[in-house]
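>>> for reference, the sequence and a predicted model appear below.
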Amino acid sequence: MTDWSYRSYGSGPRIFVGLHGWNGNRHSFDSLLPFLPDDVTLIALDLPGYGESKRPAQWHASGIMDAFGEQVASLQLTSFTIIGNCSGGLLGMWLLKDQPTLPVERIVLIDTFGFMPWYFQIFLAPFAGPLFYYSTFANPVGRWLTNRSLQRMQNHNTDMTKSFSQAPVSVPFHYLRLFRDMGDYRSFQHVQTPVDLAYGEHTFGAVKQSIPMWKTLWPDANVLELQGAGHLSVQEAPEPLSRFVFDPSSPDSSASLP
């Protein structure tokens, strides 16, 4: 039996499962709650090692995805949509690749990288990588400097490094290794589930570069640029994002290519 923690919001028949991003938790989706349609239930998960979920026995994708499959079975979901925020989108894609019989009808990737950029790879370099990682995220000075350098990718109400002061920094380091081992967007070329893409106007350049990469795999994917938002677009543009996620046929959730 899985030890994943989750919280369910709403009571509608359309089920959405939220997978938060790197060093987030189920509360990463709180900004969407005021905009939940009456016919929607949102199940927000704490990924293994985050929030109230236990760490996995082994840090590899297949084990985590097996646990996810157990979680879905325990919830008795017959059909659902995955909302994958940042790296949560990668885990959602891996789930579809690893367990294609799960009843996933759609996946929405929000600010999801299609490849690992150099500024994440550097943390995984032999010897110096872990030192650089812990210097960046395990002390307040490193976090402050990093957040300052990322200001143009967020608004004044958000902080990209705050979560590293609230949880063990070893967990996201394990996830970085896991994401590296997953490979890039081409690893998911056989996924048949419909995919939609959303990203913040001021997000990382690598996320924007990833959009046409994802589109080579799913040419029919809807793409929405969230005006004024950065990488933390769930918190910075929750209303238009909610329309795109929960009511994609609405005229207000119009999609546009970058």
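Done, it's in.
>>> the stretch 151-258 of the chain: strands as residue ranges?
195-200, 223-226 (DSSP state E, counting those that start in this stretch).
>>> of these, which is nearest Ser163?
strand 195-200 (17.5 Å; CB to CB). Every C-beta, even on glycine, is put in place using the N, C-alpha and C of the backbone.
>>> now do the helices in the stretch 51-200 of the chain.
Secondary structure of the stretch 51-200 of the chain by DSSP state H, counting those that start in this stretch: the helices cover 61-75, 87-98, 118-121, 128-137, 140-149, 170-182.
>>> so which of the strands of the stretch 151-258 of the chain is the most surrounded?
strand 195-200 (a mean of 26; mean count of other CB atoms under 10 Å).
>>> what's around Gln227, how many residues?
11 (other CB atoms under 10 Å).
>>> got a pLDDT number for the residue lying closest to it once chain neighbours are set aside?
Distance criterion CB to CB, 6 or more residues apart in numbering; nearest residue to Gln227, sequence neighbours excluded, is Glu201 at 5.3 Å. At Glu201, the model reports a pLDDT of 94.
>>> if you compare the helices of the stretch 51-200 of the chain, which one is most tucked away?
Comparing these by mean neighbour count (mean count of other CB under 10 Å), helix 87-98 comes out on top with a mean of 24.
>>> Gly129 and Ala198: what is the separation?
Going from Gly129 to Ala198 by CB to CB, to the nearest Å gives 31 Å.
>>> likewise for Ile64?
Ile64 sits 24 Å away from Ala198, going by CB to CB.
>>> do the same with Ala167
As for Ala167, its distance to Ala198 is 26 Å (criterion: CB to CB).
>>> kindly report the same for Gly49.
26 Å.
>>> just Pro248 next, same as before
10 Å.
>>> do you know how far the spatially closest residue to Ala57 that is not a sequence neighbour is from Gly21?
Spatial nearest neighbour of Ala57, excluding adjacent residues (CB to CB, 6+ apart): Gly63 at 6.9 Å. Distance of Gly63 to Gly21, given as CB to CB: 20 Å.
>>> please apply the same query to Ile82.
Noted for Ile82: a distance of 13 Å to Gly21, by CB to CB.
>>> before we move on, what about Gly142?
From Gly142 to Gly21 the distance is 20 Å (CB to CB).
>>> return, as residue ranges, the portions of the stretch 51-200 of the chain with sub-threshold pLDDT.
Residue ranges of the stretch 51-200 of the chain with pLDDT under 70: 152-157, 159-160, 165.
>>> OK, contacts around the most far-flung residue of the chain relative to its centre?
If you look at how far each residue of the chain sits from its centre, by CA atoms, centre = their mean, the farthest one is Phe127, at 28.3 Å. By CB atoms under 8 Å, 6 or more residues apart in numbering, the contact set of Phe127 is empty.
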